[in-house]
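Q: need a structure here:
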Amino acid sequence: MGLIKKILKAILPSSTLASMEAESRKWIVKCKTCGTERSIWEIGGIRYSAKGSKTTYIGCDFCGRYRLHSLTYSA
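A: A predicted model of the protein is given here:
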């Protein structure tokens, strides 16, 4: 668990943290080079109460380099 998640765990009620985790797991990060998909929560991120899609550079575990990734919500 990363530092931000540890801080949030210490200050937020467990129900809010569980809701935050559940929603973050629905946000899928997909590498535009190799097509590898994973949730934003799995890579250490949090995306809570967010709207819309996003494209950003993130380190790809499969490619081994920073690559362009798309973030989409899968309901």
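Q: quick one: contacts of the longest strand along the chain?
A: Counting by DSSP state E, the longest strand found in the chain is strand 66-73. Identification of contacts with strand 66-73 by C-beta atoms under 8 Å, 6 or more residues apart in numbering yields 26-34, 40, 47, 50, 53-60. Where C-beta positions appear, they are placed from N, C-alpha and C, glycine not excepted.
Q: tell me the mean pLDDT over that strand?
A: Averaging the model's pLDDT scores along strand 66-73 yields 94.
Q: gap between residue 51 and residue 73?
A: To residue 73, residue 51 is 8 Å away according to C-beta to C-beta, to the nearest Å.
Q: which of these two has more neighbours?
A: Neighbour totals were compared for residue 51 and residue 73, and residue 73 leads with 14 against 6 (other C-beta atoms under 10 Å).
Q: Would you mind naming the residues that bridge with that one?
A: Legend: beta-bridge partners of residue 73 under DSSP bridges are residue 27.
Q: what's the worst-scoring helix or strand of the chain on mean pLDDT packed up against?
A: When the helices and strands of the chain are compared on mean pLDDT, DSSP states H and E, helix 3-11 comes out lowest with a mean of 90. Using 3 or more C-beta pairs under 8 Å, 6 or more residues apart in numbering; DSSP states H and E, the elements in contact with helix 3-11 are helix 14-26.
Q: Give me the contacts around the helix it packs on.
A: 8-9, 12, 39-42, 45-49, 73-75.
Q: between these, which has the most around it?
A: residue 40 (22 neighbours).
Q: Now do the contacts for that one.
A: Residue 40 touches 24, 25, 27, 28, 29, 46, 47, 71, counting by C-beta under 8 Å, 6+ apart.
Q: Which residue, other than its chain neighbours, is closest to the residue most central in space within the chain?
A: In the chain, the residue lying closest to the centroid (C-alpha atoms, centre = their mean) is residue 40, at 1.4 Å. Spatial nearest neighbour of residue 40, excluding adjacent residues (C-beta to C-beta, 6 or more residues apart in numbering): residue 27 at 4.2 Å.
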